[in-house]
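# next come a sequence and a model predicted from it.
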Amino acid sequence: MNKYVKRYLIDAMSGMAQGLFSSLLIGTIIKTLGQQLLRLHVNPVFQFLVDAGNFATDAHVVGAAMAIGIGFAMNVPALVLFSLAAVGSAANVTGGAGGPLAVLIIAIIAAELGCLVSKKTKVDIIVTPAVTILVGALLTVLTAKYIGAAASSIGNLIVWSTQLHPFWMGILVSVVVGVALTLPISSAAICAAFGLVGLAGGAAVAGCCAQMVGFAVMSFKENRWGGILSQGLGTSMLQMPNIIKNPKIWIPPTLASAITGPLATCLFKMEMNGAAVSSGMGTCGLVGQIGVITGWFAPSQAAINHGATAISPTFFNWLGLILICFVLPGILSWTFGLLLRKIGWIKDGDLAL
């Protein structure tokens with residue numbers, strides 16, 4: 001059971017997230033940069049950036065990148081891996097707004113069945129890609145639309161609920177997605193699969209930042225500047241071995257996320273209107289913050305479907321971004337951590353990487 005959980009829920013989801021980073025996410029950043037530069041001056045180079053971004057964010061390309069990422073993470077044979085490009089493209093387009101979840105499920109099944117026949121015949125170069133593509137195509141025709149609709153419905157419910165009850169949903173989304181980021185699963189893939197944008201996406205960003213910045217700051221005594229960089233710009237997942245030894249160390253950043261989440265949704269109205277995958281990234285490579293910023297200038301289609309429009313960010317928008325993503329997570333987690341150290345729940349060395 002642990003083998004399959006790791007293969008399908010950890011490795012495959014992480015691979016899907018990397019595929020999204022390498023297509024939709026970086027494409028959105030490049031496209032937005034080009035669009036903003038074009039507003040200042042019409043130049044062929046800037047137009048090229050827009051065109052390059054459009055190529056990378058095409059639904060067919062994004063689907064193929066996700067499926068190849070899944071196959072690579074599952075360590076499938078080469079012919080299966082390359083055949084997954086067609087499977088992912090079909091599943092993502094057919095799945096619509098919930099395409100990433102359709103790609104995840106269909107690509108896993110197609111990859112596994114492709115592996116079953118790989119190198120079993122003398123015409124492997126024909127049989128393996130044929131089985132992988134035909135299985136993926138059949139599953140796409142039969143299920144992708146419904147998987148996508150289900151994922152989209154769940155995401156719409158979360159987005160709508162957060163708009164309706166920003167305080168309570170701000171806490172819930174921030175805590176859950178933040179915890180998912182620290183666990184050895186992909187919070188980015190989860191956010192992408194359900195299309196978390198708008199206030200819900202903003203709460204997700206807050207929760208992820210609380211975990212990453214929180215652990216980085218509260219463990220400074222043990223890990224110094226190396227810990228700040230590896231956790232604050234890398235991942236709080238590095239603390240999982242320490243969490244297993246002493247689960248109490250997870251309390252400070254989780255409490256911080258329960259505070260910054262509703263502050264993001266109720267006070268600063270911070271929305272993630274960029275690519276939904278950015279909602280689950282926090283401060284990892286500053287992807288979460290770049291997603292919020294790109295959403296200000298060029299909202300994603302998912303965000304537009306929820307009523308988002310381009311804005312000119314104000315000082316209050318920038319202040320909210322800085323406080324929610326960097327300042328408050330550090331101050332709150334350090335304060336809570338100090339209290340837990342004083343009562344003996346956290347001891348010196350408990351947070352050492």
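Cool, the structure landed.
# which pLDDT value goes with Met1?
Looking at Met1, its pLDDT stands at 67.
# just how off-centre is stretch 109-123 within its chain?
From the chain centre to the centre of stretch 109-123 is a distance of 31 Å (C-alpha atoms, centre = their mean, to the nearest Å).
# first-to-last residue distance for it?
22 Å (C-alpha to C-alpha, to the nearest Å).
# buried stuff in it?
109-115, 117-118 (16 or more other C-beta atoms under 10 Å). For the C-beta atoms, the positions are set from N, CA and C on the backbone; glycine is no exception.
# which ones among the residues you listed lie within strands?
Using DSSP state E, no member of these falls in strands.
# could those be laid out in CSV, adding pLDDT and distance to Thr335?
Below are these laid out as CSV (pLDDT from 0 to 100; distance: C-beta to C-beta, whole Å):
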residue, pLDDT, distance to Thr335
Ile109, 97, 47
Ala110, 97, 49
Ala111, 97, 47
Glu112, 96, 48
Leu113, 96, 52
Gly114, 96, 52
Cys115, 96, 50
Val117, 95, 58
Ser118, 94, 55
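# tell me how far Asp348 lies from Leu104.
42 Å (C-beta to C-beta, to the nearest Å).
# the more surrounded of the two?
Neighbour count, other C-beta atoms under 10 Å: between Asp348 and Leu104, Leu104 has more, with 28 against 9.
# what sits against the nearest residue to that one once chain neighbours are set aside?
Leaving out its chain neighbours, the residue that sits closest to Leu104 by C-beta to C-beta, 6 or more residues apart in numbering is Met16, at 5.4 Å. Met16 makes contact with 66, 69-70, 73, 100, 103-104, 107, 186, 189, 192, according to C-beta atoms under 8 Å, 6 or more residues apart in numbering.
# got a ChimeraX select line for the buried ones in those residues?
Selection command for ChimeraX covering only the buried members of the contacts of Met16, criterion 16+ other C-beta under 10 Å:
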select :66,69,70,73,100,103,104,107,186,189,192
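# and the contacts of Met16, which is closest to Lys221?
Among the contacts of Met16, Ser186 lies closest to Lys221 (C-beta to C-beta), at 29.7 Å.
# for that closest one, give me the backbone phi and psi.
phi -100, psi 100 (degrees, to the nearest 10).
# quick check: it vs Pro166, distance?
26 Å.
# do the same with Ala144
Taking C-beta to C-beta, one finds Ala144 at 33 Å from Pro166.
# kind regards, and thank you for your time.
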